[in-house]
Structures are given as structure tokens and as C-alpha cells.
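**Q** Give me a 3D structure for the following:
(2 chains)
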Amino acid sequence: KAGVTQTPRYLIKTRGQQVTLSCSPISGHRSVSWYQQTPGQGLQFLFEYFSETQRNKGNFPGRFSGRQFSNSRSEMNVSTLELGDSALYLCASSLTGFATDTQYFGPGTRLTVL
Amino acid sequence: LAKTTQPISMDSYEGQEVNITCSHNNIATNDYITWYQQFPSQGPRFIIQGYKTKVTNEVASLFIPADRKSSTLSLPRVSLSDTAVYYCLGHGSGNTGKLIFGQGTTLQVKP
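**A** The predicted model follows:
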């Protein structure tokens, strides 16, 4: 079956702009989690959605937001971009979202903020 | 969530068995240990998960001793394509969607 897809794969924005990233989970998966990966901070959890509800949130400012649609597809939005937001943004899907459930990661969206 | 400690880097040669040990002294009774593998510019990939004793799949083995304060990921006969970062995660069965990744172990396999 098809894996997790993320669009776009690469994105260049300037400071102050906003960006929307998209994630399509594996068919049948209802949980979608988002992570930010940077060389300095590593992989950090942003938030998790299940059945259109945010169930868990990491320690990120309110500029980072997300949502999930009825078909389980998810988007994350970053407003007022800062240079430090340059990162690889990964989404992961799983059946239930529980940590013991295998998380399937997408290839990521590489965001560069100039 | 159990705090995990693992070596920052390891070197090996093709065909050798590689053992990566992860320390998790504060592991809770209900915590599991899961290992993920990540190649550059890709998302992590699930390798194996265990609670205690030994778990084996087609890719690796995971050994967790009785006190569960450490675990060892064993990769049999590594190849160059096993060069990657390996993450050890300790977590409860809940913790919806939230995985805490440490710095991981960068494994370099040489020819």
C-alpha cells in the first residue's frame, strides 16, 4: 500500500511569511503526528491529531498550528516565519497514535526560511 | 517517558554484527523500548519494539535484560546500506503520537 506522502517536498520562504504543509497518511490510519528536525535540536514533536482532534501538543509557539480533515489528511501551518523555522518537517501516521503502534514517517518537507 | 542514553557514534565493517546499547535507568513498569532507523533527509523507519527478554524480526534483534534498565539492538551482518542514525526510544503504551527522540547513534559501516 502507498506510504505517507508529504507535499511539497521543498519550500523556500522569507521571514514573516506563512506556510502550509500537507500530509496524507497511509490509508486507514487515523492518527497523524508532526515533527520538526533541525541539526541543533534533533527531532522534536509538534502535535498529534486523531479523528480531527488534536490530542497532544509539543512545546512550540502558537505560530505552529495544525488540523486534520475527515479523510485523515493533515496540514500544518507556520505563521510569521522566522529564520529558525528552517527545518525538515516530518509527519507520521499510525492506526491509533499510541506510542506502541508503529509510526510510519513520510519523506518530509524541507523548509528554508531566508 | 523513559530517558534514554546511547553512544553518539559507532563504526563497523561490512559483514560484522553490530550491537548498539541503550541505557534507560528510569524506565517505568509500563514502558516499552522501540528503535527507529533514519537515513539522511528521510523520515525515521521503525525497526523493532520490545518490553522484556528478546524480540527478533527479519531485520534485527532486541535484547532487554530482566531489570530492563538497558537494551541492545543487534544488527546481524551489516552492509554499507545500514549506515544510518539509530534511535532508542522509551515510552508508555499511551503517549498518543508523541515520540521523544534523543540524539541517536550514528552508525558508519565501512567496506
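**Q** Just give the number of residues close to A:Ile26.
**A** 18 (other CB atoms under 10 Å in any protein chain shown). Where you see a C-beta, it was placed from the backbone N, CA and C, and this is true even at glycine.
**Q** Could you list which residues are in contact with the residue nearest to it when sequence neighbours are not counted?
**A** Distances taken as CB to CB, 6 or more residues apart in numbering or on different chains put A:Ser93 closest to A:Ile26, at 5.2 Å, once the chain neighbours are dropped. With contacts defined as CB atoms under 8 Å, 6 or more residues apart in numbering or on different chains, A:Ser93 is in contact with A:4, A:23, A:25-26, A:29, A:31-33, A:72, A:103-104, A:106.
**Q** Would you mind listing what in chain A touches chain B?
**A** Within chain A, the positions near chain B by CB under 8 Å from any CB of the partner chain are A:4, A:31-33, A:35, A:42-45, A:47-50, A:55-56, A:58, A:88, A:90, A:92, A:94, A:97-100, A:102-108, A:110.
**Q** Next step: those restricted to strands.
**A** A:31-33, A:35, A:42-45, A:47-50, A:55-56, A:88, A:90, A:92, A:94, A:104-105, A:110 (DSSP state E).
**Q** okay, and for chain B, where does confidence drop off?
**A** B:1, B:95, B:97 (pLDDT under 70).
**Q** I'd like the distance from stretch A:34-47 to the chain centre, please.
**A** In terms of CA atoms, centre = their mean, to the nearest Å, the centre of stretch A:34-47 is set 10 Å apart from its chain centre.
**Q** If you could redo that for stretch A:3-17, that was the one I meant.
**A** That offset, for stretch A:3-17, works out to 10 Å (CA atoms, centre = their mean).
**Q** What of stretch A:103-114?
**A** Worked out by CA atoms, centre = their mean, stretch A:103-114 lies 8 Å from the chain centre.
**Q** One more: stretch B:88-99?
**A** Distance, centroid of stretch B:88-99 to centroid of chain: 14 Å (CA atoms, centre = their mean).
**Q** Quickly check: it near chain A or not.
**A** Yes - counting by CB under 8 Å from any CB, contacts between stretch B:88-99 and chain A involve B:89, B:91-99.
**Q** What are the buried residues along that stretch?
**A** By neighbour count on 16 or more other CB atoms under 10 Å in any protein chain shown, the buried set for stretch B:88-99 is B:88-92, B:95-99.
**Q** same deal with stretch B:62-73?
**A** Applying 16+ other CB under 10 Å to stretch B:62-73 flags B:62-64, B:68, B:70-71, B:73 as buried.
**Q** And these, which is closest to B:Ser9?
**A** Closest approach between those and B:Ser9, by CB to CB: B:Leu73, at 14.6 Å.
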